[in-house]
Structures are given as C-alpha cells and as structure tokens.
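S.K.: Test case, fold it:
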Amino acid sequence: MYCTYYKLLEKPFDVTPDPRFLYLTDGHRETLASIVYGIREKRGFITVVGEVGTGKTTLLNAAMDQMDEKTRVAFIVNTDVTFEEMLNMALYEWGLVKDDEKVSKVDAIGRLNRFAIDQLKTGGNVVLIVDEAQNLDYRVMENLRLLSNLETRKHKLIQIVLSGQPELDAKLSRHELRQLAQRISFKRYVLPLDESDTYAYLRHRLKMVQKTEVSLFTPLAEQLIWEFSKGVPRRINILCDNAFLIGYGLEMKQINEGVIWEAAEDLKWRSSPDAKKPWEAPFPKSTAFTWVEPRPHRRSFKLTAAMVAAGILILAGGVWINNNPFNAAKLTGFIGRIQNTPLEIVHPKPILEKVPVSPLVIPEHQNVKPETKTQKFPEKKPEPQKIEKTADNIFLSVSNYHLVKEKSPDQIIQDYKIENTTPETAIKENDPSEIQVKNTEKQPLSMPDSRADDKVQSNPAAPAIEKTNVLKVKIKKGDTLFGILTQALGGYDGQLVTKVLRENPEIADPDKILAGQEIKLPTDEGRPLR
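M.R.: Numbering: from 1, shown residues only. Got it, this is the predicted structure:
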C-alpha cells in the first residue's frame, strides 16, 4: 500500500524470514558458516541459540539455500509433538511416506536408515532441522540422540540442527541430557545488532527495494528506532513497517522521529531510559497525534526548595532578632506565670527623655553569676560611720515625719533623746543594720505637704534613700536598674524585678528608665543595704 507512495519495489521490513534481506554481521556470518560447514562435513549435532527475534530462522533458511541438490532437508517447526509424530513429519518431507500413511516407530527408523545409506552411496546427505527446539521434552531429545547413532565407521548418516531460544541452552546443560550435550559438534549464539549495525541494517533493507537513493529516515528517527528495538531485527521490522504506514497516511515524504514515537505508542512499547524526546512537533495540529512529555521526577527539586526556604527563614529570623532588642518585660512575665505570680499589665506613660542603654551592658537577667564551689572568705564588714545627731538626720530617721515637721530643731533633738530612752523606739548608734546616711550637708526641714511619698533631696554622690515600707531612689543619668538593685539591695533576680515592677507601674521597660525618675524598692526582703 505504501510501497508506491515511497517508490519501493516491495516491503523492505516484512516480518517473514526471507534470506534475501539477511544482513550479516560478524556474528551472523560466523553462525551461518558453522551451520553450512557442519552439514557438509557430516558433523552430527549442531545447535543455534539466540534471543527471540534475532534472526535464527532467517539464518537457517539462508543455510538451506546454500545446500546442493543431493542434500535432503526436513524442516520441523512444530515441536509440541511426540517423537513418533516428529519422525513421521520428517519422513513425509523426505518423501518416504504418503499423505495419509502412518508408520510405527520401528518401521520409521528402518525406512530412515535405508534412505540415509542410499544417500551416502550417491554422495548425498540427510539433514533434520528442528526450529523452536526449546519446547522439546526430554524424551524427544533423548530419542533424537539415539537417532544420531545411525552412522558408519567414518560418517554420520543424519545431521541434526537444533535451533532455539536461551532456554534450549539451559536445558542442554541439565545432567539428564549430558550424553546429548557431548554429541554437539558446533554451538553458536546469535546476538542482537549494536547501534552501528542497526543503522546499517536499515540502509541495507531499503537499498534492496528502493528505486532511488533518497533517505527515508531522518537521523533522529534512526536513533529512536535503535532506542526502541535495541537491535532486535524483528522489532526493527515491526516498528519500521508501522512507521511507513503512519507516514503514508499523513502524506509525509520522510519518516521523522515523531512518526517513530507514534508507532511505538501504538505498539505499546516503552522507551528505554536513554530514549530522547523529539525536538520538534512531527504533525500539524489537526492530526490526532499529540506528544505528551512525561512528568519528571521532582523529589530532588522539592528537597532543594525546602532547604532554600529553611535557609531564608533562618536568615530572616536572625535579621529580626538583631533589629529588635531583647524584651526583659516579656521574660519577667514568663517567670511570673511559672511561679503562679499574677502581674499587672503595665501601661507605659509618655516619656520625654530616653536613657539609651549601652550595647555592651549585659541584660539584667544574665548578670546573676552562678554559684561556684570555690572557697569563699568572709568579707570584712566596714565599720559604721558615726553620725552626729542633728535635727536633719533625726528628721530623716523618723518614719512619721509629718508629726514633727513644724517643730524647731532643738525640740526635735530633745524629743529624739526622750524616745531613745524607751526600748520600743531605741535606735542603736553605729548599727550596720540601720541606714547610714553619708551626707554632711543639712537637709531642709520644711516639706511641701504631709504626704508619705514626698521627695527627699539626695546626695549627688549616692542616691537618696528613704526607708519606710519601701526604699525610694532617684534615678540619675547613666543609672541602670541592675546597678541600683545591686547597690541598694545587694542582689538581683527575676523575683525581685517582678516586685519592683509591681511597685513602679510607670516603668514600661526595665531596660529603659528615665533620669530624674523616682522608683520604689521593696525593703521587706531582709537584704543588707550597701
């Protein structure tokens, strides 16, 4: 049908084993020569082993074409029979029985023996070729071995050629057939074509039937034929015959790679791993053929994308942490929740001046030094400074100063001496547990009003400290909450910070306190003042 369109004398890729189209590689040439030589030299058993579709039958037909007229050949292709049935089929091809005649095994062997001797006398030869021999059972193969015993002192009367798939080679290696295996004179293997031989096979077949020397396959089409067939001649013939039919239907003057792909898809053939996709669309959009590219394996891409996303998140987190200072208030709240201590929500007040915290200052929650097991020596307590009992100092030591703020200095000193004579109000001098005020300047005795939270002028060298139920400290520029707690209360921890924040709701951020601000420190902790 397509031969006229492509100007071919006949089909170049027919699946029949025509020896005229036989392309001889080095392996095929060696196998053919061994078959012809073994038959002519009367060597007895010859075996030909090859995979399905490699051209074993074509080689056998080519060997038969090289036989002379005196060689009588019986070709058996149906091996699912008994030995008696096979022997009768061979006798029929040799002309020793009639169409409807059936002879026994003994009679058949006798007729064959006489026929072989007559052929030997006239210079002829008797050949039995069994194709698809891998299907023979052990009884038939053993009877074939016994049949090969028909011989003279110098020559084998019958030459037997067994051709089959690799299962035949495996069967002959069995222990039960070791006697038959020893009688095999030649064993040859037929292999598929390699890539270069495949291209030569295509050109050889086309050259046999082509009227002109026009190339009917593109280079990429030839490459795909090799990829799909892997050099098996039968697969090459089937694929190319379907490709010519598709090309004829599409009126394509040359078979390109797209036609080969469609032919393979129609045959339900799967491409080998190294088969390549066609580079251009083979057909117009109106045709039914559409190339669908298989979805690639995306596991490695997904893993790479996940790793890149994780890296971006880590980088963004690092930038955010560097641009956002540590919030000690959130840490304090977390500690308070752990200790089941309810905390008030601190609403920050507008501030006029912010005291910047030096980046070299370690946050307060990290300044607590861990206890070490090194030996500690008792610190020598400083001797208390003796302070003259003046009206100003007495006024600072009296908790209910609103009762004495209108008295004269002499009256205040007199009352102080009277109160110190009673045990309840006794104040020991030079007692380190009492507040020692290191100030030589007189404090003003007049106060603006009688409220308990009035401010007291402090010494510039140290914060002014008022000890009632809380300790008030006035903040100077450069002071930090860590330094004030360490200096005034001798220690610093998360629980103490929580209580300080509770006493001073105006502090929004412990890291940012204002100069001139007065904070209250709890003094019920039993901590010695410094």
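
S.K.: what residue ranges in the stretch 201-350 of the chain are flagged as low confidence?
M.R.: 270-301, 319-350 (pLDDT under 70).

S.K.: can you do 50?
M.R.: Low-confidence segments of the stretch 201-350 of the chain, defined by pLDDT under 50, span residues 273, 275, 277-298, 326, 343.

S.K.: now swap in the stretch 1-150 of the chain and tell me
M.R.: Residues of the stretch 1-150 of the chain that meet the cut-off, pLDDT under 50, do not exist.

S.K.: Stretch 132-143: end-to-end distance?
M.R.: The straight-line separation of the ends of stretch 132-143 (C-alpha to C-alpha, to the nearest Å) is 17 Å.

S.K.: And for residue 24, the neighbour number?
M.R.: 16 (other C-beta atoms under 10 Å). C-betas here are computed from N, CA, C, even on glycine.

S.K.: That one contacts residue 33, doesn't it?
M.R.: No - Residue 24 is beyond contact range of residue 33, at 9.8 Å (criterion: C-beta atoms under 8 Å).

S.K.: which residues does residue 254 contact?
M.R.: Under the criterion of C-beta atoms under 8 Å, 6 or more residues apart in numbering, the neighbours of residue 254 are 215, 216, 217, 218, 247.

S.K.: which residues does the third one form a beta bridge with?
M.R.: I take that to be residue 217. In this entry, residue 217 is beta-bridged to residue 255, by DSSP bridges.

S.K.: List the residues that contact it.
M.R.: 202, 225, 254, 255.

S.K.: One more pass at 10 Å, please.
M.R.: 199, 202-203, 206, 223-225, 240, 243-244, 247, 254-257, 259-260 (C-beta atoms under 10 Å, 6 or more residues apart in numbering).

S.K.: same question, the first one
M.R.: For residue 215, the residues meeting the contact criterion (C-beta under 10 Å, 6+ apart) are 202, 203, 206, 221, 222, 254, 255.

S.K.: cool, and the second one?
M.R.: Shown in contact with residue 216 (C-beta under 10 Å, 6+ apart): 6-8, 12, 202-203, 206, 210, 240, 243-244, 247, 252-255.

S.K.: Mind picking the two most distant members of the residues you listed?
M.R.: 203 and 252 (19.3 Å; C-beta to C-beta).

S.K.: So which of these two has more stuff around it?
M.R.: residue 252 (19 against 15).

S.K.: closest to residue 306 among the contacts of residue 215?
M.R.: For the contacts of residue 215, the nearest to residue 306 is residue 221 (41.5 Å; C-beta to C-beta).

S.K.: That closest one and residue 246 touch, don't they?
M.R.: No - using C-beta atoms under 10 Å, residue 221 makes no contact with residue 246, being 11.6 Å away.

S.K.: Those two: who's more crowded?
M.R.: The neighbour count for residue 221 versus residue 246, taken as other C-beta under 10 Å, is higher for residue 221 (24 against 21).

S.K.: Residue 98 versus the more buried one, what's the distance?
M.R.: Noted for residue 221: a distance of 53 Å to residue 98, by C-beta to C-beta, to the nearest Å.

S.K.: Secondary structure class of residue 186, three-state.
M.R.: strand (DSSP: H, G, I helix; E, B strand; the rest coil).

S.K.: and it, bridged to which residues?
M.R.: residue 46.

S.K.: who's in contact with it?
M.R.: 31, 33-35, 37-38, 43-48, 161.

S.K.: One more: residue 66?
M.R.: 19, 32, 33, 35, 36, 39, 40.

S.K.: Let's see if you can find the most crowded of those.
M.R.: That'd be residue 35 among the contacts of residue 66, by other C-beta under 10 Å, with 25 neighbours.

S.K.: Not counting residues beside it along the chain, what's closest to that residue?
M.R.: Leaving out its chain neighbours, the residue that sits closest to residue 35 by C-beta to C-beta, 6 or more residues apart in numbering is residue 63, at 4.2 Å.

S.K.: how about the helices in the stretch 201-350 of the chain?
M.R.: Ranges of helices in the stretch 201-350 of the chain, per DSSP state H, counting those that start in this stretch, are 219-229, 233-249, 257-266, 299-323, 328-338.

S.K.: TSV please, covering these and showing distance to residue 493.
M.R.: Shown next, in TSV, are the helices of the stretch 201-350 of the chain (distance: least, C-beta to C-beta, whole Å):
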stretch	distance to residue 493
helix 219-229	77
helix 233-249	85
helix 257-266	78
helix 299-323	25
helix 328-338	9
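
S.K.: where exactly do the strands run in the chain?
M.R.: 45-50, 71-76, 125-130, 158-164, 184-190, 466-467, 470-474, 518-522 (DSSP state E).

S.K.: Next, the angle strand 184-190 makes with the first one.
M.R.: Same thing as strand 45-50. Interaxial angle, strand 45-50 versus strand 184-190 (axes from the mean of the first three to the mean of the last three C-alpha atoms, to 10 degrees): 10 degrees.

S.K.: which strands and helices sit next to strand 45-50?
M.R.: helix 26-40, helix 56-65, strand 125-130, strand 158-164, helix 166-172, helix 178-182, strand 184-190 (3 or more C-beta pairs under 10 Å, 6 or more residues apart in numbering; DSSP states H and E).

S.K.: Tell me which strands the fourth one pairs with, and in which orientation.
M.R.: Okay, so that is strand 158-164. Partners of strand 158-164 in its sheet, by DSSP bridges: strand 45-50 (parallel), strand 125-130 (parallel).

S.K.: any residues in contact with both of residue 221 and residue 246?
M.R.: In contact with both residue 221 and residue 246: 255, 258, 259, 260, 282, using C-beta under 10 Å, 6+ apart.

S.K.: Let's have those in CSV, adding distance to residue 169 and neighbour count.
M.R.: Below are the shared contacts of residue 221 and residue 246 laid out as CSV (distance: C-beta to C-beta, whole Å; neighbours: other C-beta atoms under 10 Å):
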residue, distance to residue 169, neighbour count
255, 37, 24
258, 40, 27
259, 38, 27
260, 33, 29
282, 42, 22
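
S.K.: nearest to residue 496, of those?
M.R.: For the shared contacts of residue 221 and residue 246, the nearest to residue 496 is residue 258 (83.2 Å; C-beta to C-beta).

S.K.: ok, now how distant is that closest one from residue 239?
M.R.: 14 Å.

S.K.: coming back round to it: can you redo the strands paired with strand 158-164 as TSV with mean neighbour count and distance to residue 186?
M.R.: TSV is the format used below for the strands paired with strand 158-164 (neighbours: other C-beta atoms under 10 Å; distance: least, C-beta to C-beta, whole Å):
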stretch	mean neighbour count	distance to residue 186
strand 45-50	24	5
strand 125-130	24	14
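
S.K.: Surely residue 61 and residue 19 touch.
M.R.: Yes - checked against C-beta under 10 Å, the pair residue 61 and residue 19 is within contact range at 4.6 Å.

S.K.: intersection of neighbour lists for those two?
M.R.: residue 55.

S.K.: got a list of what residue 240 touches?
M.R.: 11-13, 201-202, 205-206, 216-217, 221-222, 225, 229, 255, 260, 263.

S.K.: cool, and residue 252?
M.R.: Neighbours of residue 252 in contact, by C-beta under 10 Å, 6+ apart: 5, 6, 216, 243, 244, 246, 258, 259, 282, 283.

S.K.: so how far is residue 245 from it?
M.R.: Applying C-beta to C-beta to residue 252 and residue 245 gives a distance of 11 Å.

S.K.: Thanks a lot, see you next time.
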